[in-house]
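In: fold the following, please.
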Amino acid sequence: MKRRSLLLSLIAVSIAAVSGNAMAEDALSTILARKVIRVAVPTDYPPYGSVGTDMVPRGYDIDMATLVAKKLGVKLELIPVTGPNRVAYLQTKKSDLTISSLGKTPEREKVIDYSIAYAPFFDAVFGKQEIAAKNYAELSGKVIAVTRGSMQDEELSRLAPGAVIKRFEDNNGTVSAFLAGQAQMFATGTAVAATIKVKDPSVSMDLKVILSNSPCYIGVLKGEQQLVAKLNEIIREAKGNGAIDEMSKKWLGAPSGPLPE
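Out: Predicted coordinates:
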């Protein structure tokens, strides 16, 4: 009888230890214990993320990362990423979050989880003013630059299969290819195109075709529901007190408007 009681006690202790370790290993607990949050952000995609003349990252996504760190009471560590590797950094646990103008797709939802939307984002094809293209069919045969693995890459491939798509490894490469005449058009977010025009009003560029309205979400490793819930709490508070609208006006020139949950 004593032996059985001892065995049951040992089993109970083991279960409690395993449960305690499991709780301690969730991402939110790890971040709070570490007192540092590692956030993957873009540095090649203004106005969401770029590097200023002082070599300090800045943009909508950087401001959002700063807000998250502040609300969690932890230090912020920014990790520069490009379109193709921002999800991979999550999967390999090189970052705790990805705040990198990340859109939601069925493919990504298989491997990562999302917060509610924190920023508006429109994808479109832009091109030289003299080139006519008002719909997907008229993109056929046109040379269009796009960043490999981005939402625009997926949308363009699906909606305009007749287009001649030239893929580049980061957004700087995509924009540079268009500006250098290596492509007649390029696919990007409308805010990025607006930034290009502000920097150089002489650039011959018009919006040709809208690909999608794809708000930005924070990417989180699959199964980290406590972290997702906390992020959603932070975003809802920021929407309610006007902080999201202020970020949008600062970087995109207009309030964020309604954002999906």
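
In: mind giving me the domain ranges of the protein?
Out: 24-120+216-252, 122-213 (automatic domain parsing).

In: now the ones you listed in JSON lines, with distance to Pro258 and mean pLDDT?
Out: Using the backbone N, CA and C atoms, a C-beta is placed for each residue, glycine as well. Compiled in JSON lines, those are given as follows (distance: least, CB to CB, whole Å; pLDDT from 0 to 100):
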{"stretch": "domain 24-120+216-252", "distance to Pro258": "9", "mean pLDDT": "94"}
{"stretch": "domain 122-213", "distance to Pro258": "11", "mean pLDDT": "91"}
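
In: got JSON lines for those domains, with distance to Glu261 and mean neighbour count too?
Out: Formatted as JSON lines, these follow (distance: least, CB to CB, whole Å; neighbours: other CB atoms under 10 Å):
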{"stretch": "domain 24-120+216-252", "distance to Glu261": "4", "mean neighbour count": "19"}
{"stretch": "domain 122-213", "distance to Glu261": "15", "mean neighbour count": "18"}
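
In: closest one to Leu259 among these?
Out: domain 24-120+216-252 (4.1 Å; CB to CB).

In: how far does the closest one sit from its chain's centre?
Out: Here the centre of domain 24-120+216-252 is set off from its chain's centre by 7 Å, with CA atoms, centre = their mean, to the nearest Å.

In: how close does Glu155 sit to Phe186?
Out: Distance of Glu155 to Phe186, computed by CB to CB, to the nearest Å: 13 Å.

In: so what sits opposite Ile144 in the bridge?
Out: Per DSSP bridges, the residues bridged to Ile144 are Ile165, Met185.

In: so Asp63, which state does it fall into?
Out: Here Asp63 is helix, with the state taken from DSSP: H, G, I helix; E, B strand; the rest coil.
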